[in-house]
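Undergrad: with the sequence up front, the predicted model follows.
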Number of protein chains: 2
Amino acid sequence: MPPKPELASVKALVFDTFGTVVDWRNSVIAEGKTWGKEKNLKINWEEFADRWRLGYHPAMEKVRKGEIPWTRLDDLHRMILEDLLKNYKIAGLTEQEKVNWTHAWRRLHPWPDSVEGLTRLKKQYTIAPLSNGNIALMASLAKFGGLPWDAILGAELARHYKPDREVYVSAYYFLDLKPEEVMMCAAHSADLEAARQCGLRTGFIHRPTEYGNGHVRIADKAAPGDFDVVSESIIDLAQQMGT
Amino acid sequence: MPPKPELASVKALVFDTFGTVVDWRNSVIAEGKTWGKEKNLKINWEEFADRWRLGYHPAMEKVRKGEIPWTRLDDLHRMILEDLLKNYKIAGLTEQEKVNWTHAWRRLHPWPDSVEGLTRLKKQYTIAPLSNGNIALMASLAKFGGLPWDAILGAELARHYKPDREVYVSAYYFLDLKPEEVMMCAAHSADLEAARQCGLRTGFIHRPTEYGNGHVRIADKAAPGDFDVVSESIIDLAQQMGT
């Protein structure tokens, strides 16, 4: 079935990645539990993973407000880790171990529907991540999880973090398309609202378990009509886009 | 067989694209012949293709010297086309036709060994184009020819044209690697020499028919030892790199 007539102009789909394409929380928790065994640490790794992720917003805000110069997400992940190590009183990690822990964010498992959904979409559309993750991080995630991107776009190319408009504008600029030819796809309403402000089409993907049991944050929901497409998975999105 | 010991550090291979991965000349000639029939034009399309390609160096030089601001290769291709249309007294093309002709450079066929060679390399290495072509152009080429890149790097990300050193430096910067962990692969010695100056490893791929019968320019050759790898095709390169 072809997509809705107002979506016939769409030529490219760009994706938020953390939470939308990959399951950061369970992946980081699993790595943490391995480290815990190796290092004999008694730590609540669910909480550790949530704090690492929560630290990301204030870190990005420092960049967005110009308090610190442009810093890649890999390096923000490292800065937050240093704080966590202090807070949890984890001492004695080597530099190599710190790099390896930081790179847990390069080894996040895709949601079960992601690879199949993206592979279907790729037959008819250009697909790319439009994430706050830097290029090396996104390329590593793609190789780790088999994500079949056509290109890697995102914050590092725009030297701005979402939801700054420069990131959304860079997506259609670098693809040489019009805003309405690009659909931003995300599990997060604020990301989609910001993309819509820049003239992009919007595709919501529901990820009810992104934040686990919802102690820390509750996953966004959307009703039909809130966005151009409202879907339950990337396979569902692919179907609604006619692939 | 694993690669030579001095190449064991290589983690990524980045490729020149026009002439190295794709056969620009025969592809543009074939498109030209189609246009000739459609428009009833008596034109030597071999010469037309060669002039289009030759126009690319002076156009880039204008950008490199700062005579014109940063301009994407798609737009340089269009500027050169406008000159060719005047020189060949081809009149009456619509805007859409001019865009379509310009985009012949987005529809270049890979050399017969490119897809298989890249697919083999991709299993073990990160692979990306490091071309003067802009992102939209490179993404279109990849979709057209099935080139399995992990990411798209190159001039547009560095906002410099090769052989400016900023382009080679950007390759290892964006991949978060050391210079010696990246190998520049090209059919053109000057490109490899410039990459070597920046500390990258070098892989030569011989493309004897890039310039057709060699009227306009003769394809570069290399002897064993001139570069870290000297190969006859991307499949040969893949084999020498242990994949």
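TA: Thanks, I have it.
Undergrad: tell me where chain A has helices.
TA: For chain A, helices defined by DSSP state H occupy the ranges A:24-39, A:45-54, A:56-64, A:73-87, A:95-102, A:114-122, A:135-145, A:155-158, A:165-174, A:189-197, A:234-240.
Undergrad: tell me the buried residues in the lowest-mean-pLDDT helix or strand in chain A?
TA: Lowest by mean pLDDT, DSSP states H and E among the helices and strands of chain A is helix A:56-64, with a mean of 91. For helix A:56-64, burial by neighbour count (16 or more other CB atoms under 10 Å in any protein chain shown) applies to A:Y56, A:A59, A:M60, A:V63. From N, CA and C alone the C-beta is placed, and that goes for glycine too.
Undergrad: can you check stretch A:76-86 too?
TA: A:L76, A:H77, A:R78, A:M79, A:I80, A:L81, A:L84.
Undergrad: ok, now stretch A:39-54?
TA: Under the neighbour-count criterion of 16+ other CB under 10 Å, stretch A:39-54 has A:I43, A:W45, A:E46, A:F48, A:A49, A:D50, A:R51, A:W52, A:R53 buried.
Undergrad: could you count how many residues lie near A:I205?
TA: 29 (other CB atoms under 10 Å in any protein chain shown).
Undergrad: so A:A136 versus A:T71, what's the distance?
TA: 14 Å (CB to CB, to the nearest Å).
Undergrad: the two: which has the busier surroundings?
TA: Under the neighbour definition other CB under 10 Å, A:A136 and A:T71 were set side by side, and A:A136 has more, 24 against 16.
Undergrad: which residues does the more buried one contact?
TA: By CB atoms under 8 Å, 6 or more residues apart in numbering or on different chains, the contact list for A:A136 reads A:R72, A:D74, A:R106, B:F174, B:L175, B:D176, B:L177.
Undergrad: point out the residues in chain A that sit beside chain B.
TA: Proximity of chain A to chain B, by CB under 8 Å from any CB of the partner chain, involves residues A:72, A:74, A:126, A:128, A:134-139, A:142-143, A:149-153, A:156-157, A:174-177.
Undergrad: mind running it again at 10 Å?
TA: A:12, A:72, A:74-75, A:103, A:106, A:122-123, A:125-128, A:134-140, A:142-143, A:147-153, A:156-157, A:170, A:172-177 (CB under 10 Å from any CB of the partner chain).
Undergrad: what mean pLDDT does stretch A:191-206 get?
TA: Mean pLDDT, stretch A:191-206: 98.
Undergrad: end to end on it, go ahead and measure it.
TA: Terminal residues of stretch A:191-206 are spaced 13 Å apart (CA to CA, to the nearest Å).
Undergrad: can you point out the buried residues in it?
TA: Buried residues in stretch A:191-206, counted by 16+ other CB under 10 Å: A:D191, A:L192, A:A194, A:A195, A:R196, A:C198, A:L200, A:R201, A:T202, A:G203, A:F204, A:I205.
Undergrad: ok, now which ones touch A:L108?
TA: For A:L108, the contacting residues are A:17-19, A:21-28, A:31, A:133, A:137, A:140-141, A:144-145, by CB atoms under 10 Å, 6 or more residues apart in numbering or on different chains.
Undergrad: same thing but at 6 Å, please
TA: A:V22, A:W24, A:S27 (CB atoms under 6 Å, 6 or more residues apart in numbering or on different chains).
Undergrad: who wins for most neighbours among these?
TA: A:V22 (25 neighbours).
Undergrad: partners of it in the sheet?
TA: Residues in a beta bridge with A:V22, per DSSP bridges, are A:F18, A:P110.
Undergrad: is it true that it touches A:P110?
TA: Yes: shown here, A:V22 and A:P110 form a contact pair, counting by CB atoms under 6 Å, at 5.3 Å.
Undergrad: so what are the domain limits for chain A?
TA: A:5-23+A:108-240, A:25-106 (automatic domain parsing).
Undergrad: what's the closest of the ones you listed to B:K221?
TA: Closest to B:K221 of the domains of chain A, according to CB to CB: domain A:5-23+A:108-240, at 33.1 Å.
Undergrad: could you turn the buried ones of the residues of chain A next to chain B into a ChimeraX selection?
TA: The buried residues among these can be selected in ChimeraX (16+ other CB under 10 Å) with this line:
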select /A:12,72,74,103,106,122,125,126,127,128,134,135,136,137,138,139,140,142,143,147,149,150,151,152,153,156,157,170,172,173,174,175,176,177
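Undergrad: beta partners for A:C185?
TA: Beta bridges link A:C185 to A:F15, A:G203, judged by DSSP bridges.
Undergrad: if I look at it, how far off is B:G19?
TA: Distance from A:C185 to B:G19, by CB to CB: 36 Å.
Undergrad: okay, those two: which has more neighbours?
TA: Set A:C185 next to B:G19 and count neighbours by other CB under 10 Å: A:C185 wins out with 32 against 23.
Undergrad: that one contacts A:G19, doesn't it?
TA: No: with contact defined as CB under 6 Å, A:C185 does not reach A:G19; the gap is 11.8 Å.
Undergrad: show me how far stretch A:232-240 is from its chain's centre.
TA: Taking CA atoms, centre = their mean, to the nearest Å, one finds stretch A:232-240 lying 17 Å from the centre of the chain it belongs to.
Undergrad: repeat that for stretch A:13-29.
TA: Averaged C-alpha coordinates place stretch A:13-29 at 5 Å from its chain's average position (CA atoms, centre = their mean).
Undergrad: check stretch A:194-204 too.
TA: On CA atoms, centre = their mean, the centre of stretch A:194-204 falls 16 Å from the chain's centre.
Undergrad: endpoints of it, how far apart?
TA: The first and final residues of stretch A:194-204 sit 13 Å from each other (CA to CA).
Undergrad: same check on stretch A:127-141?
TA: Span of stretch A:127-141 from end to end, CA to CA: 15 Å.
Undergrad: now that stretch, how far from the centre of its chain.
TA: Remark: stretch A:127-141 is offset 8 Å from the chain centroid, using CA atoms, centre = their mean.
Undergrad: repeat for stretch A:181-201
TA: With CA atoms, centre = their mean as the basis, stretch A:181-201 stands 13 Å off its chain's centre.
Undergrad: what sits up against it?
TA: So stretch A:181-201 is in contact with A:9-16, A:19-20, A:163, A:165, A:168-169, A:171-172, A:179, A:202-203, A:205, A:207, A:220, A:227-228, going by CB under 6 Å, 6+ apart.
Undergrad: could you tell me the end-to-end distance of that stretch?
TA: Using CA to CA, the gap from the first to the last residue of stretch A:181-201 comes to 7 Å.
Undergrad: from the opening residue of stretch A:89-102 to its closing one, how far?
TA: Using CA to CA, the end-to-end distance of stretch A:89-102 comes to 17 Å.
Undergrad: what lies in contact with it?
TA: Here stretch A:89-102 makes contact (CB under 6 Å, 6+ apart) with A:H77, A:R78, A:L81.
Undergrad: where in chain A is pLDDT low?
TA: Judged against pLDDT under 70, chain A has no low-scoring part.
Undergrad: any buried residues in stretch A:100-119, and which?
TA: Residues A:101-108, A:110-111, A:113-115, A:117-119 are the ones in stretch A:100-119 that count as buried (16+ other CB under 10 Å).
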